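[1] build me a model:
(8 chains)
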Amino acid sequence: MGTLATRDGDDDWLLAGRRFHSRLLVGTGKYRDLEQTRDAVEASGAEIVTVAIRRTNIGQDRERPNLLDFLSPDRYTILPNTAGCRTAEEAIRVARQARALLDGAPLVKLEVVGDDLSLYPDGLETLRATERLVAEGFWVLVYTTDDPVLAQRLAEAGAHAVMPLAAPIGSGLGILNPHNIRLIVERCRVPVLVDAGVGTASDAAIAMELGCEAVLMNTAIASARDPVLMAQAMRDAVIAGRRAYRAGRMAPKSHASASSPRRDTAA
Amino acid sequence: MGTLATRDGDDDWLLAGRRFHSRLLVGTGKYRDLEQTRDAVEASGAEIVTVAIRRTNIGQDRERPNLLDFLSPDRYTILPNTAGCRTAEEAIRVARQARALLDGAPLVKLEVVGDDLSLYPDGLETLRATERLVAEGFWVLVYTTDDPVLAQRLAEAGAHAVMPLAAPIGSGLGILNPHNIRLIVERCRVPVLVDAGVGTASDAAIAMELGCEAVLMNTAIASARDPVLMAQAMRDAVIAGRRAYRAGRMAPKSHASASSPRRDTAA
Amino acid sequence: MGTLATRDGDDDWLLAGRRFHSRLLVGTGKYRDLEQTRDAVEASGAEIVTVAIRRTNIGQDRERPNLLDFLSPDRYTILPNTAGCRTAEEAIRVARQARALLDGAPLVKLEVVGDDLSLYPDGLETLRATERLVAEGFWVLVYTTDDPVLAQRLAEAGAHAVMPLAAPIGSGLGILNPHNIRLIVERCRVPVLVDAGVGTASDAAIAMELGCEAVLMNTAIASARDPVLMAQAMRDAVIAGRRAYRAGRMAPKSHASASSPRRDTAA
Amino acid sequence: MGTLATRDGDDDWLLAGRRFHSRLLVGTGKYRDLEQTRDAVEASGAEIVTVAIRRTNIGQDRERPNLLDFLSPDRYTILPNTAGCRTAEEAIRVARQARALLDGAPLVKLEVVGDDLSLYPDGLETLRATERLVAEGFWVLVYTTDDPVLAQRLAEAGAHAVMPLAAPIGSGLGILNPHNIRLIVERCRVPVLVDAGVGTASDAAIAMELGCEAVLMNTAIASARDPVLMAQAMRDAVIAGRRAYRAGRMAPKSHASASSPRRDTAA
Amino acid sequence: MRIIVNGEPREVNAALTVAGLIDVLALGPGKRAIECNGRVIPKSEYPEHQLGEGDVVEVIQAVGGG
Amino acid sequence: MRIIVNGEPREVNAALTVAGLIDVLALGPGKRAIECNGRVIPKSEYPEHQLGEGDVVEVIQAVGGG
Amino acid sequence: MRIIVNGEPREVNAALTVAGLIDVLALGPGKRAIECNGRVIPKSEYPEHQLGEGDVVEVIQAVGGG
Amino acid sequence: MRIIVNGEPREVNAALTVAGLIDVLALGPGKRAIECNGRVIPKSEYPEHQLGEGDVVEVIQAVGGG
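    As a prediction, the model looks like this:
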């Protein structure tokens, strides 16, 4: 009944002018096979799905099943990423490949990495790439650090969504600095999504409770013991966290406060 | 679909030999009125509902609506508490009153407080009361500290569920010591429920991720800005946390791990 | 200069009527040898030193050096513990052995363990032992959980100091529940010492900032790579934490506040 | 004795080729008066002291005491900051003023703020200013976010020290993201100092335990109830944290480990 | 005779039963428990259980609590 | 003539178009992009775009990623 | 002539040098910097550096800051 | 006669005192306690306290512990 309550669209969100219901975006890497990828994505309820852009394996192309046969662009909004790029130029090139591949769809998840070990983004290259991709008509969802000033600069440069990391990609450490995520949410006019570092369901709920518009994750689902069940958990957690945010949590108190009336006890 | 998946009963839990589906137990204190109480309880999906035992307001009894008219024992399992008691004797007396009032139903939430400011339980009186109530045939769900040794002693004394506090009652501080909750879950043969201190949805999810059988709360729902919406959030959060626990979360790593393949990038 | 400032005794503390300057108590277990034990204890600045009570190794007694030859009771206040005991009776027996061994010195660190894996104390046996040892004239420093109600009961039973654990003995996890430690400090009339679970210097500082009278540790020093240097670190950290507590820390704020004047900048 | 042990210079650190003993740098803002400023600085043991650069109050200049009369450049290394600047150009101008004022001393604490509420630095302007100041021969100690990639870029641009914030300036929230501070320490060849956000002594100890070369603070001392005593606490905490870092802390364990021998108990 | 009901002294007819007291107090039909001198009176005993001078009676119900 | 496809040198007929290359490589029907010397070739140009000696061609698809 | 010192307009004698301005302002002996039209004036130039109509002068010192 | 010392059976002369046992065991000069059948023997009683057949004696010292 509660789940149905949100089904009625009263809490949809807008990304680049398009309306979405699910606030969980999922990646498609690290799964056992494409069947599991599909099942987990389906269980997650996600409407937007990230993919990477890579060379076709020429000899095996005919036999090998294709990711987009399992996750049809007719059903899902495909969000190609620029993972692996280290400069603005590389990222722009991959974004153009992705747009051609996806019949002109302008969405791109911009990711320009500045450190191979932490996979932290390079803020300067990311800002440069954002400016140029926006100029080329891309709708840029940009992976960034949790630096509130950089996030604002990216939004001002025309990014359609700002996506700070919670923790290093694939680490599962959860939201290392909730204070910064909250500052970014307060400052940015565009949707703020937590993009990396979520490890379990409560992390996703916390991201939403901080006021994020949505959460993007991959490893936390794909590397769970049971990815399909974890996908359900994440779907529920994002809904839970969003509702808690909208419901307005109680103020924490340092002392106790009885739930049962103190008076009228039998003598 | 995912929500339906758990509706099929494959993850029900047992309390004193009875089967329950919902893993969220809710209190009925601190609401604006009985209508709001009923709506929030309904939205929470709870099957077990706590009540306090107090003197009837003699003069006004006829006109004043009764809590149990709003939350029928035919529909909900009523769990009377002994809130406000400070000795084993007081608690036993209230438990007997509750049993009479509820036509012999043996369930009781035992609460013997040892400190008025923190509302922390008195471990010794709680253990004494548990032993005697068990001997009288009660099914005792016992509010306790997060002390793993005391929790074991209570389970050994015949408690049907052990319910450590997450934080002081009504504080909303969340799970102050997850390490202890995990130790209790590992040691106790009976269901372990987190009973007090939850403040928002992610706290409830964390309790379930630690392996608790269920969560009991009151203030976090009743004192939210929108209690009915928060009740839904808590229902979802408990489901999310339970699924994450069953799905087996990824191991946290201190370094990053790419979600997209590192090879096969265009040169 | 600062260190000298405290040497003048203006911040000494009282334990069972005796005056101590150092607020760091150290254990003597787990060291490489007795020379290292002595050096680390000396570097720590501790005036009170815990020892365990065990059978003499009969055949080797003459050749084997004795701990108390390295840590003379003339220089240090020896605090024998009842580690390894699981009942009040066992603990009382060891306390009597210790008193005889130490020529009638009445100090004892009472430790009655209720769980072999966590080494958490058994609250009930601990309370029973406290009552009886106090009746026999012992000065009881009692290892306990961080349960504020139990801590109060122990103080009321006549314990000379209440020593809640920060985390499991030897775990080095730091102060798992600062909220409880603060509650205990607020409630107990006798000195409160954090007794177990400290892992590094900042943990010890935090314990003191919470208002504890002193800190007792062993593994954090003995299992450091360089125990003597870590002993110095702990000595300094306890002094630092104590001074910070007395100095009254600034209130944390959720927003920034400039350190340099905002006005009078050159145009 | 231990304090003396470090006095012998075996753990000095180098900043721009100069040798320093104290690892605590302090600001001079927010004190009640210049006497308190001087006393707190002296108690802190700091050798490097930050100052702001502002217009002289023309009419009152003769009567009003001057900061540098209380903190002589002959005794302290004066570190002028560019607080209040919002662009590289503004910061460069202030740096030049400071150098002239301090008879050509090339040290400057570069601070280019990008957000008035959080006082977070603007990474891009900060990098631009660093490059130009280095070219002009300044020794640049640069205030930055805890972004490891930006920190590396700043070090590569020739900064003599990289100074990530622990939390917003003046907030006293402590080290919000220790993970990032550790990453920066691992990556940067120049000294890493935590610069802002410390609230109490244990925060300073944690910064040092993470491997920072030193800590810079102002509000935590100046806004304590007793600034001079807090200055001592901070001095001790920095020494404690540094020693703990060098001593190599024990590995944290999730289970207990007894400090006293398990065998040889009396039967 | 004089009894105490929920902490308030109350003058009632001698030889009043618990069932009679319920009528006198005009209690509604909701679920309740009645305790007399610290002992819960089973419902089945309401008709015959006679109250005595100075009895301390508690009329108890369920209210909102957590 | 000799071109480079996805990093591997490959001998092909002179005057091969992108459309022709797709046949030669026996690529399946899935979604892809083709880049030649760093420039993406629009699908509409596949039939006429002629490859030349030494051209660097990338055949690109979507794969699992996060 | 009219110059601006630390944001305030001020009437001074024509051909005033920086050294002269320091006397006029009755500045104390403490450490300071003097900037004229955005450029720091080295101490060695104080005696000869002549101020002109409309010059913007900043007199700068160190104050408490973090 | 046979006694148990620190868990080990040991044959000793009849009428041995605690003081005598200390000689027999060649114990060093360090601080210790001696317990006989669960009761600590005060030092002052060592010379006269006679051990008996089957007595359980514990010789106790301080060791490193936390």
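[2] tell me where the model's unsure across chain E.
    Along chain E, the model assigns pLDDT under 70 to no residue.
[3] now it against chain F: closest residue?
    E:Gly66 (41.9 Å; C-beta to the nearest C-beta). Any C-beta I mention is one placed from the backbone N, CA and C, and that applies to glycine too.
[4] confirm that that residue sits in a strand.
    No: looking at E:Gly66 with DSSP: H, G, I helix; E, B strand; the rest coil, it is coil, so not inside a strand.
[5] which parts of chain A sit against chain E?
    Within reach of chain E by C-beta under 8 Å from any C-beta of the partner chain, chain A has these residues: A:258-261, A:264, A:266-267.
[6] list only those of the residues you listed flagged as buried.
    Neighbour-count burial (16 or more other C-beta atoms under 10 Å in any protein chain shown) applied to the residues of chain A next to chain E gives A:258-261, A:264, A:266.
[7] so how far is chain G from the residue of chain E closest to chain F?
    47 Å (C-beta to the nearest C-beta, to the nearest Å).
[8] so what's that residue up against?
    Under the criterion of C-beta atoms under 8 Å, 6 or more residues apart in numbering or on different chains, the neighbours of E:Gly66 are A:258-260, B:27-30, B:50, B:52, B:81, B:83, B:169-170, B:196, B:216-219, B:222.
[9] quick one: the helices in the stretch 101-250 of chain A?
    A:123-135, A:148-156, A:178-187, A:201-209, A:219-222, A:227-247 (DSSP state H, counting those that start in this stretch).
[10] buried deepest among these, which one?
    Mean neighbours per residue, mean count of other C-beta atoms under 10 Å in any protein chain shown, is largest over these for helix A:201-209, with a mean of 32.
[11] that one near chain C at all?
    No: figure legend: helix A:201-209 not in contact with chain C (C-beta under 8 Å from any C-beta); closest approach 15.9 Å.
[12] and the angle for that helix with helix A:227-247?
    30 degrees (axes from the mean of the first three to the mean of the last three C-alpha atoms, to 10 degrees).
[13] other SSEs contacting helix A:201-209?
    strand A:214-217, helix A:227-247, helix B:201-209, helix B:227-247 (3 or more C-beta pairs under 8 Å, 6 or more residues apart in numbering or on different chains; DSSP states H and E).
[14] turn those into a markdown table, including mean pLDDT.
    Shown next, in a markdown table, are the helices and strands packed on helix A:201-209 (pLDDT from 0 to 100):
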| stretch | mean pLDDT |
| --- | --- |
| strand A:214-217 | 98 |
| helix A:227-247 | 98 |
| helix B:201-209 | 98 |
| helix B:227-247 | 98 |
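[15] let's have these in JSON lines, adding distance to E:Leu27.
    Shown next, in JSON lines, are these (distance: least, C-beta to C-beta, whole Å):
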{"stretch": "strand A:214-217", "distance to E:Leu27": "54"}
{"stretch": "helix A:227-247", "distance to E:Leu27": "38"}
{"stretch": "helix B:201-209", "distance to E:Leu27": "39"}
{"stretch": "helix B:227-247", "distance to E:Leu27": "30"}
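[16] in a helix, A:Ala43, correct?
    Yes: judged by three-state DSSP, A:Ala43 forms part of a helix.
[17] now do the same contact list for residue 54.
    All of this refers to chain A. Contacts of A:Arg54 by C-beta under 8 Å, 6+ apart are B:260-261, B:263-266, F:60-63, F:65.
[18] try again with chain E
    Taking C-beta under 8 Å, 6+ apart, we find E:Gly54 in contact with E:1-4.
[19] which one (most neighbours) among the residues you listed?
    E:Ile3 (19 neighbours; other C-beta atoms under 10 Å in any protein chain shown).
[20] dump the residue contacts of that residue.
    E:9-10, E:12, E:51-57.
[21] any idea which element the nearest residue to E:Val56 once chain neighbours are set aside lies in?
    Distances taken as C-beta to C-beta, 6 or more residues apart in numbering or on different chains put E:Ile4 closest to E:Val56, at 4.7 Å, once the chain neighbours are dropped. Under the criterion of DSSP states H and E, E:Ile4 resides in strand E:2-5.
[22] pull up the pairing partners for that strand, direction included.
    Strand E:2-5 has its sheet partners listed here by DSSP bridges as strand E:8-11 (antiparallel), strand E:56-64 (parallel).
[23] coming back round to it: closest one of the contacts of E:Gly54 to chain D?
    So of these, ranked by how close each gets to chain D (C-beta to the nearest C-beta), first place is E:Ile4, at 53.9 Å.
[24] any idea how far that closest one is from chain G?
    Taking C-beta to the nearest C-beta as the measure, E:Ile4 falls 68 Å from chain G.
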